[in-house]
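Requesting a structural model of the entry that follows:
(chains A and B)
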Amino acid sequence: MEYFIQQLINGVTLGSIYGLIAIGYTMVYGIIGMINFAHGDIFMVGAFIALITLLAVVAMGITFLPLVLLIVLIVSMLMTSVWGWSVERIAYRPLRGSFRLAPLITAIGMSIVLQNFVQVVQGARVKPLPPQITGGITIMEKDGFLVQLSYMQILIIVTTVLLMAGFTMLINKTSLGRAQRACEQDQKMASLLGVNVDRTISLTFVMGAALASVAGVMFLLYYGVIDFYIGFLAGVKAFTAAVLGGIGSLPGAMLGGLLIGLIETFWSGYFSVEYKDVAAFSILAIVLIFMPSGLLGKPEVEKV
Amino acid sequence: MADFLNTRVGAALKDAVLAAVVTLLLTSIMVGIKTKTEQGGLGIEGNWSLVAWMVLAVLVGRFAMSLLVWRGRNPVANAMQSILPKQETVGKIGKFVGPALLVFALTLPFYGNRYVIDMGILVLTYIMLGWGLNIVVGLAGLLDLGYVAFYAVGAYSYALFAQYFDLSFWVCLPLAGILASFWGMILGFPVLRLRGDYLAIVTLAFGEIIRVVLLNWYEFTGGPDGISRIPRPSFFGLEFERKGGFADFFGIPYDSMHRVIFLFYLILALALLTNFVTMRMRKLPIGRAWEALREDEIACRSLGINTTNTKLTAFALGAMFGGFAGAFFATRQGFISPESFTFMESAIILAIVVLGGLGSQLGVVVASIVMIGGFEVFRDLQDLRMLVFGLLMVVIMIWKPRGIISSRAPSVFLKEKKAVSGDFVAEGEG
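Residues are numbered from 1 along each chain as shown, chains lettered A, B, ... in the order given. Predicted coordinates:
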């Protein structure tokens, strides 16, 4: 039981990170119907920017931890947003209205570019970071087995919940969110009614990148090791999460992220660590076969 | 000031400055501060000169581009327009390019050196994979992001059969193809009902599953160590060895090049077989059903085409050629490990198909030569060449979203065969 609860806590933490990345996939898919393959690498760029900012801030002599983390988070979100915006501007906007596979190939190309760019400028070696936030609360104790909820995990879960709440507000209440939902339904009609479609799509990428960078910061602080390749697997998992939850649906992305995180942790906890990816992907395949539009997705209506 | 910004030069300047500012933002942290490993953790060092160079390059490049190449009346674009041949002339030349390339490939071993032939083998492997994937993506319109899984199945089938049962290459080649297409059917049967992008992610997941299993099933596949000492193919039972082999039988002096040349012709034959089968399939009812399916699935269903079976045949056939290529890869390398079958490989094959022009057989050849050949030529550049590879993918796609060869020859026509522009078809040939 204690072991189960510990795994549950770990799974929710991991799931929060996946969920934050998955939102970027699901929003972009919802609005322009493409798989943004470079999104996982945007997450990686976010983690790198966070690492460098952290080192720079510490080198400047600021040591008050909450302030350091706040600066890291803000800088990382801003800078990663610029990266997200640039990727959209360079690789996707020229292909808007082109046939379906063209932006997919540029997305894969951008993914290769980002990975290798980071490898060239920052080196291929893994970047270790000593734990910044240590300690935690012991929830249960039985026969020497401690169930721990670390402060880092609390931070990740609380940040994710806050961001999700803010984000849901943004989509449901603001004019930007309204414009986004309009573009999702019908871009031509939206532009006829005075919505700047290009700008809305750009902002979607910016928001997705900002959330991915938060995930990157969390990943960096939680695991303490990053390299230029972390984006691929995290991206595939997050996309799996988005599809699992029903692509295009925001609560779905979060739910899918949590599920993938839980499946992975429980599988590694109870069966084998090596096959955790296989477990996650198999669940995806099974869900898609029986529920082709994901858990919370709207069923596709075929029109003739 | 406002007047100046409205002039041509002023607008270009404004645009360039904006681009430079964005570049400065992008590179300031990522490039400007470099992490370096120090005693007791990571340290940082400034790298500002590189940032300055990048910003300057973007400023000048963007200014020159918007002044000379982009938008309306500009000298370079107009000049290019008049130099570049028109679509019809390209079509006429295109008729000769195929045969010319074939003759070139057939005669290459007579004048090429070892390096060139090795590269030819590599390019031909990708051409074969591209043609195999073309059946799935180009003809049937099914987006497959895990094609490398079938390549891996083929390679591992041969390697494992050779290791455990001592079977020769020629026995294993059909087996590898059959097993790969079997896997294609096992995977395809449940997932082919899914819509395009879901299919893409499930195939990607399948590719990863195969790789993870190969990596972790240590007792059977050797895990990350891979399988080494995979036997080489023989020429009608004659081994390419110093004594009593191919050279002795024909009474010619032994040369290690014989095997390389043999491998070259082997992959050429396999690739041509793929092409031949594809071209014939297109003329059969099943091939026409593929193309119809790609254009409109609902129409197909209302005309009584069994869509699941039609997709399944395309999937299995594509997988079979992937399996053949895999078996060839195993015998040529003599060593395989899961590292050769990553997602990047699938992405490169898909990129070759799409960049070449979906459904165009010649396009695959051109794209393979440009991408793989170019990639090998710049081997010395290490990390940079992968960066350039990615950029090239983006640039070619933006320049020609329909691929390098975008006009299509129809497979069925009334009276006269007319080339169709790629813009008129959903994803491939008209």
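
partners of the least confident helix or strand in chain A by mean pLDDT, with directions?
Within chain A, confidence by mean pLDDT, DSSP states H and E is lowest for strand A:136-142 among all helices and strands, at a mean of 78. When pairing is defined by DSSP bridges, strand A:136-142 lines up against strand A:145-150 (antiparallel).

now the next helix or strand after the partner strand and strand A:136-142, what's the angle there?
Scanning forward in sequence from strand A:145-150 by DSSP states H and E, the next helix or strand is helix A:151-173. With axes from the mean of the first three to the mean of the last three Cα atoms, to 10 degrees defining the directions, helix A:151-173 sits at 110 degrees from strand A:136-142.

Following helix A:151-173 in sequence, what is the next regular element?
Next element after helix A:151-173 (DSSP H and E): helix A:175-185.

Contacts for the least confident helix or strand of chain A, please.
If you take Cβ atoms under 8 Å, 6 or more residues apart in numbering or on different chains as the criterion, strand A:136-142 is touched by A:2, A:5, A:146-154. C-beta coordinates here come from the backbone N, C-alpha and C atoms, glycine included.

pretty sure A:Gln115 is touching A:Ile230, no?
No: A:Gln115 lies out of contact with A:Ile230 (Cβ atoms under 8 Å); the separation is 9.8 Å.

And these two? Which one has more around it.
More crowded of A:Gln115 and A:Ile230, by other Cβ atoms under 10 Å in any protein chain shown: A:Gln115, with 26 against 22.

Now for B:Ile349: which residues touch it?
By Cβ under 8 Å, 6+ apart, the residues touching B:Ile349 are B:126, B:129-130, B:133, B:147-148.

Output those residues as TSV; include the columns distance to B:Glu295, neighbour count and secondary structure.
What follows is the contacts of B:Ile349, written out as TSV (distance: Cβ to Cβ, whole Å; neighbours: other Cβ atoms under 10 Å in any protein chain shown; DSSP: H, G, I helix; E, B strand; the rest coil):
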residue	distance to B:Glu295	neighbour count	secondary structure
B:Tyr126	28	24	helix
B:Leu129	25	32	helix
B:Gly130	22	33	helix
B:Leu133	19	26	helix
B:Tyr147	22	28	coil
B:Val148	27	31	helix
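
and these as a markdown table, adding pLDDT and distance to B:Gly10?
Shown next, in a markdown table, are the contacts of B:Ile349 (pLDDT from 0 to 100; distance: Cβ to Cβ, whole Å):
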| residue | pLDDT | distance to B:Gly10 |
| --- | --- | --- |
| B:Tyr126 | 94 | 47 |
| B:Leu129 | 94 | 50 |
| B:Gly130 | 94 | 47 |
| B:Leu133 | 94 | 48 |
| B:Tyr147 | 93 | 50 |
| B:Val148 | 94 | 51 |
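
Of all the residues in the strand or helix carrying B:Ser181, which ones are buried?
Taking DSSP H and E as the definition, B:Ser181 sits inside helix B:169-191. For helix B:169-191, burial by neighbour count (16 or more other Cβ atoms under 10 Å in any protein chain shown) applies to B:169, B:172-173, B:175-177, B:179-184, B:187-189, B:191.

Out of these, which is nearest to B:Lys243?
B:Phe169 (20.5 Å; Cβ to Cβ).

That closest one against B:Arg232, yeah?
Yes: between B:Phe169 and B:Arg232 there is a contact under Cβ under 8 Å: 7.4 Å.

So which bits of the stretch 301-430 of chain B are right by chain A?
B:343-344, B:347, B:350-351, B:354-355, B:358, B:383-384, B:386-387, B:389-394, B:397-398, B:401-402, B:426-427 (Cβ under 8 Å from any Cβ of the partner chain).

Turn the buried ones among the residues you listed into a named PyMOL selection, would you?
Buried residues within those, by 16+ other Cβ under 10 Å, are selected in PyMOL with:
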select buried, chain B and resi 343+347+350+351+354+355+358+386+387+389+390+391+392+393+394+397+398+401+402+427
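
Identify those among the residues of the stretch 301-430 of chain B next to chain A that sit within helices.
B:343-344, B:347, B:350-351, B:354-355, B:383-384, B:386-387, B:389-394, B:397-398 (DSSP state H).

Can you list the helices and strands that the helix or strand that contains A:Val206 packs against?
Taking DSSP H and E as the definition, A:Val206 sits inside helix A:197-223. Applying 3 or more Cβ pairs under 8 Å, 6 or more residues apart in numbering or on different chains; DSSP states H and E, one finds that helix A:197-223 makes contact with helix A:2-32, helix A:39-59, helix A:65-87, helix A:151-173, helix A:175-185, helix A:187-192, helix A:230-245.

So, low pLDDT: which residues of chain B?
For chain B, the stretches with pLDDT under 70 are B:1-2, B:70-92, B:94, B:195-196, B:244, B:406-430.

Domains of it: list them as residue ranges, please.
B:2-83, B:104-424 (automatic domain parsing).

how about the shortest one, does it get close to chain A?
Yes: Domain B:2-83 reaches chain A (Cβ under 8 Å from any Cβ) through B:22, B:25-26, B:28-31, B:33-37, B:41-44, B:47, B:50.

Narrow those to those that are buried.
Judged by 16+ other Cβ under 10 Å, buried ones among those: B:22, B:25-26, B:28-31, B:33-35, B:42, B:44.

Which members of those residues occur in strands, if any?
Per DSSP state E, strands hold the following members of these: B:33-35, B:42, B:44.

between those residues, which is nearest A:Phe167?
If you rank those by distance to A:Phe167 using Cβ to Cβ, B:Ile33 comes first, at 30.1 Å.

what is in contact with B:Phe169 and B:Arg232 at once?
B:Thr331.

Could you look up the SS state of B:Thr37?
Per DSSP: H, G, I helix; E, B strand; the rest coil, the secondary structure class of B:Thr37 is strand.

centre of the chain versus the helix holding A:Val206, how much separation?
Put simply, helix A:197-223 sits 7 Å off its chain's centre (Cα atoms, centre = their mean, to the nearest Å).

Please point out which parts of that helix sit buried.
Counting neighbours by 16+ other Cβ under 10 Å, helix A:197-223 gives A:197, A:200-223 as buried.

re earlier: need the overlap of contacts for A:Gln115 and A:Ile230.
A:Met44.

Now do the contacts for B:Val370.
Neighbouring residues of B:Val370 by Cβ under 8 Å, 6+ apart: B:355, B:404.

circling back: hmm, who's touching the helix holding B:Ser181?
A:285, A:288-289, B:149-151, B:153-155, B:157-158, B:161-162, B:167, B:198-199, B:202-203, B:206, B:231-234, B:308, B:311-312, B:315-324, B:326-328, B:331.

Any of those residues buried? List them.
Applying a neighbour-count criterion of 16+ other Cβ under 10 Å, the buried members of the contacts of helix B:169-191 are A:285, A:288, B:149-151, B:153-155, B:157-158, B:161-162, B:167, B:198-199, B:202-203, B:206, B:231, B:233-234, B:311-312, B:315-324, B:326-328, B:331.
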